[in-house]
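Student: for reference, the sequence and a predicted model appear below.
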2 protein chains.
Amino acid sequence: MKSREDQISIAVDAMGGDYAPVNVVAGACEAIVESAGRFHLVLVGPEDTIRAALRDYGRHSGASAPPPDSYSIAHAPEVIDMHDLPTAALKTKRKSSISVGLYLQKEGDVQAFVSAGNTGAVLSAATLILGRIHGIGRPTIGALVPTAKSPCLLVDAGANVDCRPQHLLEFAVMGSIYVSALRDLKRPRVGLLSIGEEDTKGNEATLAALKLLRKSNLNFVGNVEGGDILSGDIDVVVCDGFAGNILLKFGESIPHFLKTKFKAFAEVSITNKVVGLMVRNALRKVMKDMDYQEYGGVPLLGVNGVAIIGHGKSTPRAIKNMVYRAEEMVLKTVNRNIQESLTSVNE
Amino acid sequence: MKSREDQISIAVDAMGGDYAPVNVVAGACEAIVESAGRFHLVLVGPEDTIRAALRDYGRHSGASAPPPDSYSIAHAPEVIDMHDLPTAALKTKRKSSISVGLYLQKEGDVQAFVSAGNTGAVLSAATLILGRIHGIGRPTIGALVPTAKSPCLLVDAGANVDCRPQHLLEFAVMGSIYVSALRDLKRPRVGLLSIGEEDTKGNEATLAALKLLRKSNLNFVGNVEGGDILSGDIDVVVCDGFAGNILLKFGESIPHFLKTKFKAFAEVSITNKVVGLMVRNALRKVMKDMDYQEYGGVPLLGVNGVAIIGHGKSTPRAIKNMVYRAEEMVLKTVNRNIQESLTSVNE
């Protein structure tokens, strides 16, 4: 496999996610066809399994198969699954699709890596294999939260539990630059998640981080509260991974909670049943608006390379969009911008 | 004013809340009439203001006024408002309704205090005037969160931002005993808010708190995640006030967010408009289920006495229910139970 000078090459973890390799192969093929060969994809995983999935895709989808020179296969006989403990798995499964895919990037054969697999394993492997951007203490993963307007990047979303003030500043810088690239925003509004708008409100870490952020060159709006996120008035909300994870999982549980509540409502009378049905349909349409597949996945920010991480339940459409996210990260030189911004922030 | 041996006396902050004294006086009168004189209420505030509010209530409500011996007035000429900084206000306004009401309890004239006023001021004043229960490091305030089943007590809800593991254990003990009294549950299920169910997941404080909780005699179910709260399967969810506050404010912003989303949905077409209207009505009915007024307020747990804190926007019904909560705390000897449980936990 060679890197092509005029074309971006992206490695795709064919074994990542609950519906791998079927959804991954389908999404990769869709990306190639839709983009008319704008990039070259390297499918990483056990070769036989990938070839079988490609054959099945061609047979069942009815879609035109991608031209043979638009993709290649990198053999990786081992698979890290969702239940593997990240650091242990990286040691025992040295030829996993995650490790092989990231080494392809390390060696310059590809410029990016995409995986819907074990998030912790991708995070650990990418930090280990690609290394960190100079000046970054902790690589981070954000999450795009639907709001009344454009989605808001909540960063960190769970990768770093206990954070020092400097880490929160780094998350803010990386989040701001990423959102700027993703949404073509000049100066995304960055807020620090806290328990009150006043500069005196917060915990030890946020109070110290607030001072660092006030001195930065970011478009920093100050402390924001839990109730400000869904307004869509803040583009990047910075927090430690403990608060971020709790908030995200709470948010993800709301649609099911509403469904339960409306189901109980529908059971009261025939009229309620009819209304309940309409509500369910309206709710579904409204929720579709907030579909994670639209973005596909989020980048691991702060590593010396590009790694896009997706949902375990990624559909082909989500995988396709992850490939586009990877391309975007490369074309918009997100990492170089982070590096430059860090230098000016720390000066 | 005397304490009556056969009757509970409860001081009510007539000046607490955005709609004081009108809503407070109305709620207090409703409580007296509805309970048929089960307790004696002491309305605390500027005497003239309270007398005027009582006259207005009698004139406008059409409800029968409470018998004159069912209540009394304790004059407090000063008012701490929502914008006052708690500790400063307690120093400069020594004759506030909050301080006077709590001193009545300290001196044994009443057994409980109820306020919909400045939460921080009530917390500070109660800790200062009533003192803490022996063995409690940090008094706490929980919040009742609506779930698919019974409401869940999230504790701490914002009073204590940075917490040591021992504080989280104390919150668990106090929360469990309070929920046990409130809902007549033998052994409420207590969970520790974290970022994964496994005992290895969490931040420094929760990992250490988990060990303390595993050794306690509580009905401790282990770590719970943000997505577990709304299921209603956990009765008490323990966290520091930073996570608690963020989660609560996020949760409170959801109804408005949904309204915005459904409004946009309704604007798409005439059909959507009709459906949108029905959805709004259904949503309102479903949300009513989760009405905070039902509980009125929550106790300040860990102080050597009873203080019930309510929402700034408390309605008369909410105030009435806060009085019932205060009575319940006294009758069910919640503080004595906390004291006893702490002794056994710490042994």
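Tutor: In hand now; what should we look at? Residues are numbered from 1 along each chain as shown, chains lettered A, B, ... in the order given.

Student: for A:Ala318, give me its contacts.
Tutor: By C-beta atoms under 8 Å, 6 or more residues apart in numbering or on different chains, the contact set of A:Ala318 is A:23, A:27, A:116, A:292-293, A:296-297, A:310-311. In short, each C-beta sits where N, CA and C put it, glycine included.

Student: do that again at 7 Å, thanks
Tutor: Residues in contact with A:Ala318 (C-beta atoms under 7 Å, 6 or more residues apart in numbering or on different chains) are A:27, A:292-293, A:296, A:310-311.

Student: for chain B, what are the nearby residues on the stretch 201-347 of chain A?
Tutor: A:203-204, A:225-227, A:229-230, A:242-243, A:245-250, A:252-254, A:257, A:260-262, A:265, A:275, A:278-279, A:282, A:285-286 (C-beta under 7 Å from any C-beta of the partner chain).

Student: show me the contacts of A:Ala318 that map onto helices.
Tutor: A:Gly27 (DSSP state H).

Student: ok, back up a step: just the buried subset of the residues of the stretch 201-347 of chain A next to chain B, please.
Tutor: Those of these that meet the buried threshold are A:203, A:225-227, A:229-230, A:242-243, A:245-250, A:253-254, A:257, A:260-262, A:265, A:275, A:278-279, A:282, A:286, by 16 or more other C-beta atoms under 10 Å in any protein chain shown.

Student: please flag which of those residues sit within strands.
Tutor: Among these, no residue falls in strands (DSSP state E).

Student: quick check: bridge partners of the residue lying closest to A:Ser115 once chain neighbours are set aside?
Tutor: Leaving aside its sequence neighbours, A:Ser115 sits nearest to A:Asp13 (C-beta to C-beta, 6 or more residues apart in numbering or on different chains; 3.6 Å). Per DSSP bridges, the residues bridged to A:Asp13 are A:Val44.

Student: what is the burial count for A:Asp13?
Tutor: When neighbours are counted by other C-beta atoms under 10 Å in any protein chain shown, A:Asp13 registers 34.

Student: quick one, what contacts it?
Tutor: The neighbours of A:Asp13, taking C-beta under 7 Å, 6+ apart as the test, are A:44, A:97-98, A:101, A:114-115, A:117.

Student: same thing but at 6 Å, please
Tutor: A:44, A:97-98, A:101, A:115, A:117 (C-beta atoms under 6 Å, 6 or more residues apart in numbering or on different chains).

Student: state the distance from it to A:Lys91.
Tutor: Distance, A:Asp13 to A:Lys91, by C-beta to C-beta, to the nearest Å: 18 Å.

Student: surely A:Ala65 and A:Tyr57 touch.
Tutor: No. Contact criterion C-beta atoms under 6 Å: A:Ala65 and A:Tyr57 do not qualify, at 7.3 Å.

Student: so for those two, which residue has more residues nearby?
Tutor: Between A:Ala65 and A:Tyr57, A:Tyr57 has the larger neighbour count (other C-beta under 10 Å), namely 21 against 16.

Student: hang on, that one in a helix?
Tutor: Yes. Counting by DSSP: H, G, I helix; E, B strand; the rest coil, A:Tyr57 falls inside a helix.

Student: who does the one helix or strand in chain A whose mean pLDDT sits lowest touch, helix- and strand-wise?
Tutor: Every helix and strand in chain A was compared by mean pLDDT, DSSP states H and E; the lowest is helix A:270-288, with a mean of 81. With contacts taken as 3 or more C-beta pairs under 6 Å, 6 or more residues apart in numbering or on different chains; DSSP states H and E, helix A:270-288 sits against helix A:254-266, helix B:241-266, helix B:270-288.
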